[in-house]
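Undergrad: sequence first, then the predicted structure, then my questions.
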Amino acid sequence: MEITELKTLTEAQAADILQLMKELNADIPVTAEGIRQAVESPGTHFFALMDGSRIVGCASLCVCLSPTGPKAHLEDVVVLSSYRGRQLGRQLVTHVVDFARHHLSGTDLYLTSRPSRVAANALYQSLGFQPKTTNVYKMTV
């Protein structure tokens, strides 16, 4: 297994990522074009967990600047269900955190995770993420 940052996307890679996004949350409409835009966005670092030429896991690190300083958000962390139980999620998140430490020193790193994702929440806390008391609001515009 290898973790690599993608800057461009092939059709096969887009298909692999579409499958991963369905496993993450089948209720969110994701398109190959949306994936391509995210991968190619200058504010996004898209990491793929590769098994040969196949993408079996991924995570996005989205970086933005605000008046209160730079912030980074770890988004869309998922490993293909048939690959789970092998510590691959831990490897993927650790890789992204190490990247952030090296390239974004001093930046706050945030992530959100549904409470129903028990294993994922335990993983994040075991890696040093701490719950933040806040309200998260959503509005589709």
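TA: Received the coordinates, thanks. Note that the structure is a prediction, hence the values are computed from the model and not measured.
Undergrad: list the neighbouring strands of the lengthiest strand in the chain plus their orientation.
TA: Scanning the chain for the strand with the most residues, using DSSP state E, yields strand 54-66. Applying DSSP bridges to the sheet, strand 54-66 is found paired with strand 44-51 (antiparallel), strand 69-79 (antiparallel).
Undergrad: mean neighbour count, distance to Ala120 and mean pLDDT added to those strands, as a markdown table?
TA: Backbone N, C-alpha and C define where each C-beta goes, glycine included. Below are those laid out as a markdown table (neighbours: other CB atoms under 10 Å; distance: least, CB to CB, whole Å; pLDDT from 0 to 100):
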| stretch | mean neighbour count | distance to Ala120 | mean pLDDT |
| --- | --- | --- | --- |
| strand 44-51 | 20 | 15 | 97 |
| strand 69-79 | 18 | 7 | 94 |
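Undergrad: and the longest strand of the chain, which residues are buried?
TA: Under the neighbour-count criterion of 16 or more other CB atoms under 10 Å, strand 54-66 has Ile55, Val56, Gly57, Cys58, Ala59, Ser60, Leu61, Cys62, Val63 buried.
Undergrad: let me know the outermost residue of this protein.
TA: No residue in the chain sits farther from the centre than Pro67, which is 24.4 Å out by CA atoms, centre = their mean.
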